[in-house]
Every structure is written in structure tokens, then in C-alpha cells.
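Asks: I need the structure of the sequence given here:
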Amino acid sequence: MVSMIWEFLIRNCSLIVSGAIGTLGFCLFFRIRRDKLIYGCIGGLLTSLFYCICSDLGMSILMRNLVPAIVGTLYAEIIARIVKAPATVFLIPAVIPLTPGGTLYYTMSAIVDGDMAKAQEQGGITLLVALGIAVGIVFISVIFYQLTNWNRRLKVTKNKPWQQG
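Replies: Reported below is the predicted structural model:
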């Protein structure tokens with residue numbers, strides 16, 4: 001078991017670390033405050049790690065991006081409440097390693113070259129990646145929104161029972 005973990009880390013170390021370093025670059029680009037930079041980098045590291053895990057498990061392209069997006073959004077929502085900052089400050093950097101830049105480039109290149117079969121194939125992959133990221137973000141964000149709304153209503157009815165509704 002330990003040898004499998006070491007093998008996984010050795011095989012994917014460069015991808016995981018480059019995901020964190022790339023996230024740091026985007027954190028600096030988006031001018032995230034210095035005291036919150038580490039949280040943004042951890043988010044990128046987590047999504048890169050879970051992408052590698054899902055890839056090693058042989059998951060589909062959609063699931064390979066859905067699971068890390070869920071993990072990244074969950075991380076961003078929790079850290080946002082701990083550090084009292086908006087969740088998007090941590091969410092955007094966390095999903096940066098998942099963005100389908102390469103496949104989007106190959107889609108556009110195939111369209112320009114007139115190779116519609118390749119454009120359709122690469123475009124489908126790009127859409128699956130984008131769909132996985134979007135569904136993961138929306139799924140967790142809606143859950144946290146509902147929990148926050150429910151908690152707020154619970155506090156109101158505890159303090160003022162006549163204002164139920």
C-alpha cells in the first residue's frame with residue numbers, strides 16, 4: 001500500500017507541484033492579498049492532486065474534472081468561512097489547474113485548418129471538461145447557499161418565533 005502511494009506521488013509529483021505553482025501565479029495576477037496566497041495555492045494543489053487520483057483510477061474525462069471541481073469548491077467554501085473572505089477568492093485559483101486550455105487551443109487550431117472531425121472531437125472534450133467544472137462548482141455552491149440560508153432562518157425563528165416563514 002505504501003509503495004503504491006510512493007509510486008503515485010513520484011509519477012505525478014511534477015503535475016501536482018506545477019498545479020500549485022501555476023495557481024500561485026494566478027493568485028498574484030488576480031492580486032489576492034498576501035495573507036491569503038497560501039490558501040489559494042493549497043486549493044490548486046488539492047485540485048491537481050484529485051485530478052491525478054481520478055486519472056490514475058481511469059475515470060472518464062467528465063468525472064476527472066467533476067471530482068476535483070467538487071473538492072476545490074468544497075475547500076474554497078470552507079476556507080472562505082474560516083478566513084472570512086468571499087469564496088470566489090479561493091474558488092477561482094482552485095479551478096485554474098482544471099481549465100481546458102490545451103483542448104480549446106486544439107479545437108480552434110482544427111477549425112482554422114478546416115479539419116472539422118478533429119475540431120468536433122477536441123470540442124467535445126473541451127465541453128466535457130467545462131461541464132465537469134461547472135457542475136462541480138454549482139453542486140457545492142448550491143448546497144452551501146442552502147445551508148447558510150437554512151441556518152439564517154433557524155436563527156431568526158429562535159430569536160423571534162412570531163416571524164416564522
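
Asks: which strands and helices sit next to the helix ranked longest in the chain?
Replies: Criterion DSSP state H: the longest helix present in the chain is helix 116-159. Contact analysis of helix 116-159 by 3 or more C-beta pairs under 8 Å, 6 or more residues apart in numbering; DSSP states H and E lists helix 61-83, helix 88-95, helix 101-113 as its packing neighbours. C-betas here are computed from N, CA, C, even on glycine.

Asks: Could you say which of the ones you listed is packed most deeply?
Replies: helix 88-95 (a mean of 23; mean count of other C-beta atoms under 10 Å).

Asks: angle of that one against helix 116-159?
Replies: Taking axes from the mean of the first three to the mean of the last three C-alpha atoms, to 10 degrees, one finds helix 88-95 and helix 116-159 inclined to each other by 150 degrees.

Asks: What are the contacting residues of helix 88-95?
Replies: For helix 88-95, the external contacting residues (C-beta atoms under 8 Å, 6 or more residues apart in numbering) are 23, 26-27, 30, 32, 36, 39-41, 43-44, 46-47, 69, 72-73, 75-77, 79-80, 133, 137.

Asks: ok, back up a step: relative to the whole chain's centre, how far out is the longest helix of the chain?
Replies: 10 Å (C-alpha atoms, centre = their mean, to the nearest Å).

Asks: ok, now stretch 82-98?
Replies: The chain centre lies 9 Å from the centre of stretch 82-98; the measure is C-alpha atoms, centre = their mean.

Asks: gap between the two ends of it?
Replies: The straight-line separation of the ends of stretch 82-98 (C-alpha to C-alpha, to the nearest Å) is 24 Å.

Asks: Can you lay out the helices and strands packed on helix 116-159 as CSV showing distance to residue 3 and mean pLDDT?
Replies: Converted to CSV, the helices and strands packed on helix 116-159 look like this (distance: least, C-beta to C-beta, whole Å; pLDDT from 0 to 100):
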stretch, distance to residue 3, mean pLDDT
helix 61-83, 24, 96
helix 88-95, 30, 94
helix 101-113, 32, 94
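
Asks: So for residue 128, which of those helices sits nearest?
Replies: Nearest to residue 128, of all the helices and strands packed on helix 116-159, is helix 61-83, at 4.7 Å by C-beta to C-beta.

Asks: what's next to that closest one, contact-wise?
Replies: Residues from elsewhere that reach helix 61-83 (C-beta under 8 Å, 6+ apart): 36, 39, 42-43, 46-48, 50-51, 54-55, 59, 85-91, 94-95, 97-98, 125, 128-129, 131-137, 139-141, 144.
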